[in-house]
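In: what follows is a predicted structure for the sequence shown.
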Amino acid sequence: MNAAGKPNGKPVKASEVVMTELVLPSHTNSLGGIFGGVIMSWIDICGAIAAQRHSNKICVTASIDGLDFVAPVKSGWVVNLRSRVNCVGKSSIEVGVRVDAENPQTGATFHTASAYLTFVALNPDGSKSLVPPLILESEEDLRRNAAAIERRSLRRGRRG
């Protein structure tokens, strides 16, 4: 905490998450491709870890938007997820998650899905908690932050 009682800022890189999963037969449909819900679950977990690392608080999912499935993933393949904080509000944290698949027989990797999630940090009593400011250190950080601010504006506009 700083002198004003607000959390100290954290850089984007301090909360990045890399997660790896193996696609098992129990994760797949009758065509041998992974269920979208399994990937959604992994995305939510990967994003929540990044939000919790940034806030040092328990974080709950408030929304998922922009989830796009780009390519199928087969049983036996490896799924690599990478998440990073894009933007923070008072108690909210937007996290972007990118999912890449890897065919272990050929070594080929490709983009599979992407999503943007918003989490809310909570105090032990369940009330919303202030989150640290985000320290933007690179041009990519600045670009992602500006895009996240635009998405937040669009989400608020949809609420009416």
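Out: Yes, it's here.
In: hang on, D141 in a helix?
Out: Yes - judged by DSSP: H, G, I helix; E, B strand; the rest coil, D141 forms part of a helix.
In: can you give me the neighbour number for it?
Out: 18 (other CB atoms under 10 Å). C-beta coordinates here come from the backbone N, C-alpha and C atoms, glycine included.
In: same thing with K128?
Out: A count of neighbours around K128, defined by other CB under 10 Å, yields 13.
In: mind listing what the closest residue to it other than its chain neighbours touches?
Out: Among residues not flanking K128 along the chain, S91 sits closest, at 3.9 Å (CB to CB, 6 or more residues apart in numbering). Neighbouring residues of S91 by CB atoms under 8 Å, 6 or more residues apart in numbering: V120, A121, K128, S129, L130, V131.
In: please repeat the previous calculation with a cut-off of 6 Å.
Out: Residues near S91 by CB atoms under 6 Å, 6 or more residues apart in numbering: V120, A121, K128, S129, V131.
In: off-centre distance for stretch 84-99?
Out: Centre-to-centre, stretch 84-99 and its host chain are 6 Å apart (CA atoms, centre = their mean, to the nearest Å).
In: same question for that stretch, mean pLDDT?
Out: Taken as a whole, stretch 84-99 has a mean pLDDT of 97.
In: after the lengthiest strand in the chain, next one along is what?
Out: The strand spanning the most residues in the chain, taking DSSP state E as the definition, is strand 109-122. Counting by DSSP states H and E, the next helix or strand C-terminal to strand 109-122 is strand 134-135.
In: what's the helix or strand for the spatially most central residue of the chain?
Out: In the chain, the residue lying closest to the centroid (CA atoms, centre = their mean) is G47, at 3.0 Å. Following DSSP H and E, one finds G47 within helix 36-55.
In: now do stretch 146-160: everything it contacts.
Out: Against stretch 146-160 from outside (CB under 6 Å, 6+ apart): N86, C87, E94.
In: apply 10 Å and report the result again.
Out: The contact list for stretch 146-160, computed with CB atoms under 10 Å, 6 or more residues apart in numbering, reads 62-63, 65-66, 85-89, 92-96, 116, 118, 134, 136.
In: now for E150, how many residues are close by?
Out: 11.
In: pretty sure it sits in a helix.
Out: Yes - the assignment for E150 by three-state DSSP puts it in a helix.
In: please report how far it lies from R156.
Out: The spacing between E150 and R156, counted by CB to CB, to the nearest Å, is 11 Å.
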